[in-house]
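>>> Build the 3D model from these lines:
(2 chains, ligands or ions: 2)
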Amino acid sequence: MNIVVCVKQVPDTATERKLRSDDKTLDREAADGVINELDEYAVEEALTIKEAHGGEVTVLTMGPEKASESIRKALAMGADKAVHVSDEALHGSDALSTSYALAQVLKKVGFDIVILGAESTDARTGLLASMLSERLGVPQVTLANKVEIDGSSLTAQRLTDYGFDRVEASLPAVVSVVEKINEPRYPSFKGIMAAKKKPVEKLAVADAEIDAAKVGLAGASTEVVDFADAPPREKGQIVKDEGDGGVKVAEFLASKKFI
Amino acid sequence: MAEILVLVDHVDGEVKKVTFELLTLARRHGDAAAVWVGPGYEGAKDKLAEYGAAKVYVAADEELTSYVVAPKAELLAQLVAEKSPAAVLVAATGEGKEIAGRLAVKTESGVLTDVVDVADGFVGEHSIFGGAIVSHAKVTKGTPIIAVRPNSTAPEAAPSTPAEEQVSVTLSDAAKAAKVVEKVVQEKGERPELTEAAIVVSGGRGVGGADNFKLIEELADSLGAAVGASRAATDAGWYPHTFQVGQTGKTVSPQLYIAVGISGAIQHRAGMQTSKTIVAINKDPDAPIFELVDYGIVGDLFQVAPQLTEEITKRK
Ligand SMILES: Cc1cc2nc3c(=O)[nH]c(=O)nc-3n(C[C@H](O)[C@H](O)[C@H](O)COP(=O)(O)OP(=O)(O)OC[C@H]3O[C@@H](n4cnc5c(N)ncnc54)[C@H](O)[C@@H]3O)c2cc1C
Ligand SMILES: Cc1cc2nc3c(=O)[nH]c(=O)nc-3n(C[C@H](O)[C@H](O)[C@H](O)COP(=O)(O)OP(=O)(O)OC[C@H]3O[C@@H](n4cnc5c(N)ncnc54)[C@H](O)[C@@H]3O)c2cc1C
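Ligands and ions are numbered 1, 2, ... in the order given. Prediction:
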């Protein structure tokens, strides 16, 4: 089974995240880069599938040089190899162009199953999995909290607004996962050492037959017009309960006309 | 005026409030044309008329709802090609965003997700990085596809007599690749829908068990509120996952959010940070949720919550 996991490096949510004033893209220097949280669940799912069905797990990342740290983390968890698409031309890509670039690479490397996180913590568009499925012409099995594979057929439980759907499809397929699907493993010391020797293939846009005109800021179909800090929330009032805490909250709610 | 397509969000014919918000937004920028997918239109048509749909495209074929997402995108792509709308609005739910994603690829158009407002020229307003930054973005290629966050626009009634047009689409094989073999609807009871409610009362690990969620429900009922839960509470099985608020749960934006026994982890905040007024009850004065609150009580929820419920009931 040829399993590809898409991994994005994102700014650590624990640090202050910013946009750049010059081209209004994410300021990657301002915050520490970490592997997108849900992508650890995607890696875990890939490893679980490999353990049950055999095959190979490839990490696919598009991002600047620095993103190699997140690739190493995924390799340390147990993925076998990685493809890192990195090119100045990609800077500022939106979801549509990112999906185009990733789809070009996926066509080149081949896959039985592509696994993504349901959403990144920085842009949070939640668009990539459905866009990849559409571009690659393979089934979309997304927002999954359970995935089972039997030969070339796949069944999954897809979280919905009203509960869940049971979904059936056949491989190859694009899958996205939510955090309820598994508990990601920690890289072992051995895993961390082994990761250093695992192959990481670096691709520039031309290597992956990505048309540079369709990616980057110029190729994007969306444009950030402006941005500003949100007005700070007024500091709230915090009161210790002296036995009348409930009454105090009620008074506050009444002052705001909620009751 | 140009048409703006609004994909109706409904569960088995029951229209979600976000649809009325989308219709309201659409009317500010053109003629609102609702797109109905699946069975149940007859029972819902009056509601769409009440909120000012100038037109309704009805695609009643049940097949359109028998597969994951793709058929809806195919239908919308056909309408975009035939009707040349000025924009397409969908609800920024998990599924709404996925429909937007596929439609964007099909029509080679840009998508804005999770916008909280739409200004002239289809400039979308985003609240990003947990509400720290407000940004504006627009679509520069194709037909703007905009996924709008529920509860960010006040729905305004504007009665109309919509023209109806039946539409059919012949699905491609690719659109039928992921089959929905069973839909499991978790009971929602009598309370307002989580993402639609004006008030949400959520319980977390501090609530301590499924039975204790009664405290949260009673407080919610005294306020006519919806009940939410943190991941710790849903993972423990104390409350169904459909009520999870947060990054991987639902994003809520009510007038009032009351967090009870919830620490305020970043993933939880991602789903409730844009609530207008935030109240927390937590015994730990250092709980991060207090950084967000308008009013916080440091105390034992088993004391404070029932007292609050009682006081609210008394004041009614
Ligand atoms: C604050 C902010 C808001 C933005 N809003 C928009 C917008 O409204 N519309 C728009 O078109 N673009 C937007 N962008 C651009 C967007 O960040 C990029 O297009 C990004 O590549 C894809 O979006 P995402 O991270 O939200 O993907 P999501 O769909 O949320 O990510 C899901 C999964 O896709 C995979 N994935 C995502 N990116 C990569 C990657 N580079 N390499 C490997 N795997 C990946 C991961 O598995 C991830 O878990 C925004 C960016 C920022 C910083
Ligand atoms: C990929 C990923 C996605 C996630 N998505 C979500 C999500 O969508 N939603 C979400 O909520 N979380 C999410 N999480 C989990 C999140 O990180 C936290 O673990 C979770 O929100 C904690 O829930 P909690 O606040 O209820 O529990 P805790 O963090 O354990 O907090 C419990 C709080 O209750 C207080 N308390 C205890 N007893 C009492 C009492 N008697 N009276 C008053 N206060 C009391 C404590 O002081 C404490 O502050 C996600 C995590 C990951 C990794």
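>>> For the residue in the stretch 101-250 of chain A positioned nearest to ligand 2, which residues are in contact?
Across the stretch 101-250 of chain A, the shortest distance to ligand 2 (C-beta to the nearest ligand atom) belongs to A:Glu179, at 3.8 Å. To be clear about C-beta, it is placed using only N, CA and C from the backbone, and glycine gets the same treatment. Counting by C-beta atoms under 8 Å, 6 or more residues apart in numbering or on different chains, A:Glu179 touches A:37-38, A:41, B:231, B:248.
>>> where do the helices sit along the stretch 1-150 of chain A?
A:37-53, A:68-77, A:95-109, A:128-136 (DSSP state H, counting those that start in this stretch).
>>> Sorry, wrong one. I was asking about the stretch 101-250 of chain B.
B:213-223, B:231-235.
>>> quick one: the longest one near ligand 2?
No. Using C-beta under 6 Å from any ligand atom, helix B:213-223 stays clear of ligand 2, with a minimum separation of 10.3 Å.
>>> just checking, what packs against that helix?
Using 3 or more C-beta pairs under 8 Å, 6 or more residues apart in numbering or on different chains; DSSP states H and E, the elements in contact with helix B:213-223 are strand B:199-203, strand B:226-229, strand B:256-260, helix B:301-315.
>>> Dump the ones you listed to a markdown table, plus distance to B:Ala81.
A markdown table is the format used below for the helices and strands packed on helix B:213-223 (distance: least, C-beta to C-beta, whole Å):
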| stretch | distance to B:Ala81 |
| --- | --- |
| strand B:199-203 | 40 |
| strand B:226-229 | 39 |
| strand B:256-260 | 42 |
| helix B:301-315 | 53 |
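>>> Ligand 2 is nearest to which of the ones you listed?
Ligand 2 lies closest, by C-beta to the nearest ligand atom, to one member of the helices and strands packed on helix B:213-223: helix B:301-315, at 3.6 Å.
>>> In that closest one, which of the residues would be classed as buried?
Counting neighbours by 16 or more other C-beta atoms under 10 Å in any protein chain shown, one finds that the buried residues in helix B:301-315 are B:301-305, B:307-312.
>>> the strands in the stretch 51-200 of chain A, which residues?
Per DSSP state E, counting those that start in this stretch, the stretch 51-200 of chain A carries strands over the ranges A:56-62, A:81-85, A:113-117, A:140-150, A:153-159, A:163-170, A:173-177, A:200-203.
>>> so which of those is the most packed in?
Per-stretch averages of neighbours, counted by mean count of other C-beta atoms under 10 Å in any protein chain shown, single out strand A:173-177 among those, with a mean of 30.
>>> That one vs chain B: in contact?
Yes. Remark: strand A:173-177 sits within contact range of chain B at A:Ala173, by C-beta under 8 Å from any C-beta of the partner chain.
>>> Show me what that strand is packed up against.
Under the contact definition 3+ C-beta pairs under 8 Å, 6+ apart, strand A:173-177 sits against helix A:37-53, strand A:113-117, helix A:128-136, strand A:140-150, strand A:153-159.
>>> Paired strands for it, with orientation please.
Looking at strand A:173-177 with DSSP bridges, its partner strands are strand A:113-117 (parallel), strand A:140-150 (parallel).
>>> and that strand with strand A:153-159, angle?
30 degrees (axes from the mean of the first three to the mean of the last three C-alpha atoms, to 10 degrees).
>>> sorry, back to before: which one of the strands of the stretch 51-200 of chain A lies closest to B:Ala86?
Nearest of those to B:Ala86, taken as C-beta to C-beta: strand A:140-150 at 27.6 Å.
>>> What lies in contact with that closest one?
A:1, A:45, A:49, A:52-53, A:113, A:118, A:129-130, A:133-134, A:154-160, A:164, A:167, A:169, A:171, A:173-178, A:180-181, B:68-70, B:94, B:98, B:102, B:177-178, B:241.
>>> about what we covered before: tell me the pLDDT of the residue of the stretch 101-250 of chain A closest to ligand 2.
Note for A:Glu179: predicted pLDDT of 94.
>>> sorry, back to before: okay if I get the helices and strands packed on helix B:213-223 as TSV plus mean pLDDT?
What follows is these, written out as TSV (pLDDT from 0 to 100):
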stretch	mean pLDDT
strand B:199-203	98
strand B:226-229	98
strand B:256-260	98
helix B:301-315	97
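>>> And the residue of the stretch 51-200 of chain A closest to ligand 1?
A:Gly117 (2.6 Å).
>>> I'd guessed that residue sits against A:Ile181; true?
No. Assessed by C-beta atoms under 8 Å, A:Gly117 is found out of contact with A:Ile181, at 10.3 Å.
>>> Now the common contact residues for these two.
With C-beta under 8 Å, 6+ apart, A:Gly117 and A:Ile181 have common neighbours A:Tyr41.
>>> Now do the contacts for the nearest residue to A:Ala250 once chain neighbours are set aside.
With C-beta to C-beta, 6 or more residues apart in numbering or on different chains as the criterion, A:Ala250 has its nearest non-adjacent residue at 3.8 Å, and that residue is B:Glu311. When contacts are counted by C-beta under 8 Å, 6+ apart, B:Glu311 touches A:246-247, A:249-250.
>>> let's see 10 Å
A:244, A:246-251, A:253-254, A:259, B:222 (C-beta atoms under 10 Å, 6 or more residues apart in numbering or on different chains).
>>> go on, A:Leu47?
With C-beta under 10 Å, 6+ apart, A:Leu47 has these contacts: A:3, A:5, A:57, A:74, A:77-80, A:182, A:184-185.
>>> Kindly write the PyMOL command that selects the buried subset of those residues.
Burial among the contacts of A:Leu47 is assessed by 16+ other C-beta under 10 Å; the matching PyMOL selection reads:
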select buried, chain A and resi 3+5+57+74+77+78+79+80+182+184
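>>> Closest one of the contacts of A:Leu47 to ligand 2?
A:Pro184 (8.6 Å).
>>> That closest one reaches A:Ala76, doesn't it?
No. The criterion here is C-beta atoms under 10 Å, and A:Pro184 misses it with A:Ala76 at 11.6 Å.
>>> Count the residues that sit near residue 120.
Defaulting to chain A. Neighbour count of A:Ser120, defined by other C-beta atoms under 10 Å in any protein chain shown: 20.
>>> let's do chain B instead
For B:Asp120, using other C-beta under 10 Å, the count is 7.
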